[in-house]
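S.K.: Return atomic coordinates for the entry below.
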Amino acid sequence: MPTYVYETVPDSPEEEPRRFDVFQRMSDQPLTHDPESGAPVRRIITGGIGLKLGVLKRSTTVDKSSPAATACGCATGRPHRH
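M.R.: The predicted structure is shown next:
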């Protein structure tokens, strides 16, 4: 179940809102009041967990001197007799 973040709606600008988390099903209706104080609340949209992975780059340049560049695994550059 997802965790939703709510905060109380302050009565005055000087009052600090109280934030709290609630585990709810996605199909559940959002809360309208704080379960502890009964004050009106609003659900806060948060970014959640974001993962940014580095982009994998693949070289398209073939090093012909590498043994991996030939079918037999040798890189002598001469014709091969197998």
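
S.K.: Give me the below-cutoff pLDDT ranges for this protein.
M.R.: 48-64, 66-82 (pLDDT under 70).

S.K.: Break down it into its strands, ranges please.
M.R.: 3-8, 19-23, 41-44 (DSSP state E).

S.K.: export the shortest one as PDB, just CAs?
M.R.: Spelled out, it's strand 41-44. Taking Å, rounded to 0.1, in the frame of the first residue of the first chain, the C-alpha atoms of strand 41-44 are listed here in PDB:
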ATOM      1  CA  VAL A  41      -6.200  18.300   6.100                       C
ATOM      2  CA  ARG A  42      -5.000  18.300   2.600                       C
ATOM      3  CA  ARG A  43      -3.000  15.600   0.800                       C
ATOM      4  CA  ILE A  44       0.500  16.700  -0.200                       C
END
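
S.K.: helices or strands up against that strand?
M.R.: strand 3-8 (3 or more C-beta pairs under 8 Å, 6 or more residues apart in numbering; DSSP states H and E). C-beta: built from backbone N, CA, C; applies to glycine.
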